[in-house]
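Engineer: how would this look folded up:
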Amino acid sequence: RHEGKSEPAGYTRKFPLYDYTETVKWMVYRFKNGQRPGYKEAFAYELFRRYGNEFHKLSLDYIVPIPLHYSKELKRGYNQAKLIADGLSQYLQVPVDTQHITKKRTSQESKRLNRLRRQREIKTSYTLVHPEFFKGKRVLLVDDVYTTGGTARTVSQLLLDAGCKTVYVTTVAIGQLLTT
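Structural biologist: Numbering: from 1, shown residues only. Predicted coordinates:
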């Protein structure tokens, strides 16, 4: 299990649920690709069970799922990060915001890119709508998988540049499979 630690850029702490093992990779794949959208309840519950007390101590203002580009969300039928965020919102009684961060363009499937190309793709993919909305706020970003941390750092930096007080990140899985 990975413990959250202060990161050099962006967010203050990360709260991962599982290491990205073959079993977790399979669960996340099925969750993302429509075969098991019901996993959202289990993932949200397990995140709350593991980190609920800590999340409450953070005095969060918003839970923000990492957005998908609208074309990908339309094809998939849902944003898996939003499903998890909605579940956490019910447990924590903290509102979910999906209106102020957008993915402005599609990017190549990141697992097929080298690290440098992935970083460039991520840095130019997200934008804030009415960035002043986040001024002084404490935000919990939600995503399904944390691999290199590029998405979390990029979106966190956007929020901090807009005046967000603190950004935290939670994910279902963390790590990178070496056997991919």
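Engineer: CA only for contacts and neighbour counts going forward, please
Structural biologist: Will do.
Engineer: in which helix or strand would I find the residue nearest in space to the middle of the chain?
Structural biologist: With distances taken as CA atoms, centre = their mean, the residue of the chain nearest its centroid is D143 (2.2 Å). Assigned by DSSP states H and E, D143 falls within strand 138-146.
Engineer: how about the CA coordinates for that strand, as PDB?
Structural biologist: This file holds the C-alpha atoms of strand 138-146, laid out as PDB (Å, rounded to 0.1, in the frame of the first residue of the first chain):
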ATOM      1  CA  ARG A 138     -10.000  22.800  -0.800                       C
ATOM      2  CA  VAL A 139     -10.500  20.200  -3.500                       C
ATOM      3  CA  LEU A 140     -10.300  16.400  -3.700                       C
ATOM      4  CA  LEU A 141      -9.600  15.300  -7.300                       C
ATOM      5  CA  VAL A 142     -10.900  11.800  -8.200                       C
ATOM      6  CA  ASP A 143      -9.500   9.600 -10.900                       C
ATOM      7  CA  ASP A 144      -9.500   5.900 -11.600                       C
ATOM      8  CA  VAL A 145      -5.800   5.200 -12.100                       C
ATOM      9  CA  TYR A 146      -2.600   7.100 -11.100                       C
END
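Engineer: now for it, which elements pack on it?
Structural biologist: Strand 138-146 is packed against strand 62-65, helix 80-92, strand 166-174, with contacts defined by 3 or more CA pairs under 8 Å, 6 or more residues apart in numbering; DSSP states H and E.
Engineer: which stretches of this structure form strands?
Structural biologist: 13-19, 62-65, 101-103, 126-128, 138-146, 166-174 (DSSP state E).
Engineer: which one of those lies nearest to F31?
Structural biologist: Nearest to F31, of all the strands of the chain, is strand 138-146, at 9.4 Å by CA to CA.
Engineer: list the neighbouring strands of the closest one plus their orientation.
Structural biologist: As defined by DSSP bridges, the strand partners of strand 138-146 come to strand 62-65 (parallel), strand 166-174 (parallel).
Engineer: that strand to helix 80-92, inter-axis angle?
Structural biologist: 130 degrees (axes from the mean of the first three to the mean of the last three CA atoms, to 10 degrees).
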